[in-house]
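Undergrad: Here is the input, now give the coordinates:
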Amino acid sequence: MKFFGFKGGVHPPENKIQTENKTIENLNAPKLVYISLLQHIGSTLEPLVAVGDRVLKGQKIADISAFLSSPVHASVSGIVKQIEEYPFPLMGKVKTIVIENDGADEWVELEKIENWGGATKEELLSQIREKGIVGLGGACFPTHIKLNPPKDVTVDTLLLNGAECEPYLNSDNRVMLEEPEKVVEGIKIMQHILGVKSAIIGIEDNKTAAIASMKKACEGTDIKVMSLKTMYPQGGEKSLIKAILNREVPCGKLPFSVGVIVDNTTTAAAIYDAVVNGIPLIEKVVTVTGKAIKEPKNLRVAIGTQISELLNNCGYEESMVEKIVVGGPMMGAAQFTLDVPVIKGTSGLLALTSTETNGCKPKACIGCGKCIDACPMGLQPIMYARLGEFQQWEEMAEYNLMDCIECGSCSYICPSNRPLTEAIKIGKAKLRAMKK
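TA: Numbering: from 1, shown residues only. The predicted model follows:
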């Protein structure tokens with residue numbers, strides 16, 4: 001297959017060697033888990049349990065009837081101690097169900113669809129929703145909605161994102177190495193739902209072992225594995241579609257407009273577990289690394305585990321830390337407290353020192369245009385920063401602000417250290433608020 005590449009992008013230091021050969025370790029669930037009620041793009045959930053209730057592992061504990069939603073489940077068995085607002089890794093505070101782990105590890109009865117080949121599309125989509133499956137590439141878009149495009153749309157290709165282009169992170173990489181059969185079976189289920197024969201897994205060429213692992217697992221199937229030239233942000237949907245299929249998704253449109261559905265390889269493994277084993281999304285593989293970590297690891301943790309538990313398990317050197325980041329260094333969120341939980345979209349936890357962070361102060365823009373060259377969406381980040389300074393939010397929208405994927409390439413490449421991505425995020429928030 002021909003590699004077409006995509007416009008723009010950058011190549012920051014990978015910093016993956018610290019954990020790329022570390023097998024996934026299981027971290028014991030803590031005494032308390034904090035299940036946030038907003039772990040997907042869409043509406044905040046409503047609790048289905050009350051303080052004092054005993055819940056079982058895998059039990060659905062919050063849901064809502066809104067279209068754009070996905071339920072959450074208990075990651076341990078135990079007693080509901082609180083339902084209050086608690087710190088959230090992506091923004092401020094969110095309503096959270098706090099469960100005291102009783103250590104019994106008692107599961108709810110799991111509903112399965114073992115013979116998924118004989119199930120209808122509707123049955124499979126319902127199962128995926130009920131098990132709380134969302135996109136695990138970072139966006140956390142409800143998977144049952146993504147796999148159900150409008151009836152007037154023709155989808156001919158399913159793309160699987162195995163690029164994991166963010167520096168430091170290896171959670172997807174390890175899943176492809178250690179659970180390739182789950183990934184492949186999950187892809188087959190998605191093909192069945194979509195009614196498509198063509199499925200392609202895109203993996204960057206810095207993951208040679210994962211490429212070999214997935215090629216072996218795909219033998220005898222219609223699924224192809226494609227090696228991609230390493231470049232950030234290749235994992236973005238539109239970048240991946242351009243790189244593999246040479247199709248360009250128009251501004252304001254979604255991938256299905258060019259006949260493609262894109263999902264993550266780890267999401268495929270979660271779909272397999274949800275459908276065949278009846279297991280909801282209650283665990284997540286998280287890469288814990290950075291120079292302030294004594295022993296970097298890839299940990300499988302119960303969703304709701306506070307990040308302090310992960311840091312302590314890996315030997316956290318507090319005196320060395322300049323910044324704690326949930327996610328990757330390009331798109332992740334810096335934290336103001338360690339009392340935030342792992343959520344479905346958590347793929348990395350970084351304890352960074354001053355040598356790993358950019359401590360330079362912003363300077364005046366020199367008009368070099370490097371941010372424009374680096375933008376994979378063909379946008380003009382320089383204009384967002386200038387307009388943002390004068391609070392000209394509507395003018396920012398005229399420059400297709402909402403098409404920005406917030407990859408951070410513009411901020412990374414800027415020789416003047418301008419906070420371009422920050423200006424973009426503020427602009428988007430202001431525009432959304434103006435529409436309410």
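Undergrad: State the distance spanning the first to the last residue of stretch 251-263.
TA: The straight-line separation of the ends of stretch 251-263 (Cα to Cα, to the nearest Å) is 20 Å.
Undergrad: Return the set of buried residues in that stretch.
TA: For stretch 251-263, a neighbour-count test (16 or more other Cβ atoms under 10 Å) marks 254-256, 258-263 as buried. Placement of C-beta: from N, CA and C, glycine included.
Undergrad: Of those, which belong to helices?
TA: Using DSSP state H, no member of the buried residues of stretch 251-263 sits in helices.
Undergrad: and those residues as CSV, adding distance to A199?
TA: Listed next are the buried residues of stretch 251-263 as CSV, based on distance: Cβ to Cβ, whole Å:
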residue, distance to A199
L254, 19
P255, 14
F256, 15
V258, 16
G259, 13
V260, 11
I261, 10
V262, 11
D263, 10
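Undergrad: how far out from the middle of the chain is stretch 339-347?
TA: Here stretch 339-347 is found 10 Å from its chain centre; the criterion is Cα atoms, centre = their mean, to the nearest Å.
Undergrad: Where do the domain boundaries of the protein fall?
TA: The chain breaks down by automatic domain parsing into domains covering 29-110+280-352, 116-277, 370-435.
Undergrad: Show me the one of the ones you listed that comes nearest P13.
TA: Closest to P13 of those, according to Cβ to Cβ: domain 116-277, at 6.3 Å.
Undergrad: on that earlier part again, nearest approach to K16 belongs to which of the domains of the chain?
TA: Among these, domain 116-277 sits nearest to K16 (Cβ to Cβ), with 5.7 Å.
Undergrad: The closest one: end-to-end distance?
TA: 11 Å.
Undergrad: Distance from that domain to the middle of the chain?
TA: Averaging C-alpha coordinates over domain 116-277 and over its chain gives two centres that are 12 Å apart (Cα atoms, centre = their mean).
Undergrad: where in the chain is pLDDT low?
TA: 436 (pLDDT under 70).
Undergrad: Tell me where it has helices.
TA: Counting by DSSP H, the helices of the chain are 121-130, 143-146, 171-178, 180-194, 208-217, 237-245, 265-272, 307-313, 370-374, 381-389, 393-398, 409-413, 420-435.
Undergrad: Pull the contacting residues for G304.
TA: Listed by Cβ atoms under 8 Å, 6 or more residues apart in numbering, the contact partners of G304 are 33-36, 75-76, 99, 341-342.
Undergrad: Next, work out how far apart M331 and V33 are.
TA: Note on M331: its distance to V33, by Cβ to Cβ, to the nearest Å, is 25 Å.
Undergrad: and these two? which has more neighbours close in?
TA: Higher neighbour count among M331 and V33: V33, with 26 against 19, using other Cβ atoms under 10 Å.
Undergrad: For L68, see how far away the spatially closest residue to the more buried one that is not a sequence neighbour is.
TA: The shortest distance from V33 to any non-neighbouring residue, by Cβ to Cβ, 6 or more residues apart in numbering, is to G304 (3.2 Å). As for G304, its distance to L68 is 22 Å (criterion: Cβ to Cβ).
Undergrad: Next: M226.
TA: Applying Cβ to Cβ, the value for M226 to L68 is 31 Å.
Undergrad: So between these two, which is more surrounded?
TA: Counted by other Cβ under 10 Å, M226 and L68 do not tie: M226 has more neighbours, with 18 against 12.
Undergrad: Next one: the most far-flung residue of the chain relative to its centre from F390, what distance?
TA: What lies farthest from the middle of the chain is I366; by Cα atoms, centre = their mean that is 34.2 Å. Noted for I366: a distance of 19 Å to F390, by Cβ to Cβ.
Undergrad: same deal with G348?
TA: For G348, the distance to F390 - Cβ to Cβ - is 35 Å.
Undergrad: T143 too?
TA: Using Cβ to Cβ, we find T143 at a distance of 40 Å from F390.
Undergrad: if you count what's nearby, which of these two comes out ahead?
TA: Shown here are T143 and F390; by other Cβ under 10 Å, T143 has more neighbours (29 against 8).
Undergrad: which ones are touching the more buried one?
TA: T143 makes contact with 70, 128-129, 133-135, 263, 267, 271, according to Cβ under 8 Å, 6+ apart.
Undergrad: hmm, back to that, the domains of the chain into TSV, with extra columns for distance to T19?
TA: What follows is these, written out as TSV (distance: least, Cβ to Cβ, whole Å):
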stretch	distance to T19
domain 29-110+280-352	5
domain 116-277	5
domain 370-435	21
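Undergrad: Could you double-check that I64 sits in contact with L48?
TA: No: at 9.8 Å, I64 does not count as touching L48 under the criterion of Cβ atoms under 8 Å.
Undergrad: returning to that earlier point: relative to K7, which of the domains of the chain is closest?
TA: Set against K7 and scored by Cβ to Cβ, the domains of the chain come closest in domain 370-435, at 5.9 Å.
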